[in-house]
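# show me the folded form of this:
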Amino acid sequence: MLEKTVKNIQKKSLKERFLLVLAILFFVVYLALGLLIIFMKQFPLDMSMNYRITFGILLIAYSLLRGRRIINDNKD
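Numbering: from 1, shown residues only. As a prediction, this is how the structure comes out:
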């Protein structure tokens, strides 16, 4: 399966590979930001804990949707 994925990535043009790397980067950024908002003790914005947890969960869910889209787009 890994060999198939590597071959699929190698078939892509340079632009498509760049966009894939960018998509993976933003997947990681949204996931980390969601976790940071939930677990950071000294959060710089004045938000109640309920709003922070809700916002963090929304960011994590959005990152998971992006990750699923990345996987589905690269199944060819």
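# so where's this structure shaky on pLDDT?
Applying pLDDT under 70 to the chain picks out residues 1-2, 5-6, 76.
# how does it look with 80?
Along the chain, the parts satisfying pLDDT under 80 run over 1-12, 43, 74-76.
# and the spatially most central residue of the chain, what does it touch?
The centroid of the chain falls nearest to F27 when counting by CA atoms, centre = their mean (1.3 Å). F27 makes contact with 63, 66-67, 70, according to CB atoms under 8 Å, 6 or more residues apart in numbering. C-beta here means a position set from N, CA and C on the backbone, and glycine is covered the same way.
# how close does it get to K7?
According to CB to CB, to the nearest Å, F27 and K7 sit 22 Å apart.
# next one: I53
From I53 to K7 the distance is 42 Å (CB to CB).
# so which of the two has more stuff around it?
Legend: neighbour count by other CB atoms under 10 Å for I53 and K7, higher for I53 (15 against 10).
# and the helix or strand containing that one, what does it pack against?
Per DSSP states H and E, I53 falls inside helix 49-73. For helix 49-73, the elements it packs on are helix 14-39, judged by 3 or more CB pairs under 8 Å, 6 or more residues apart in numbering; DSSP states H and E.
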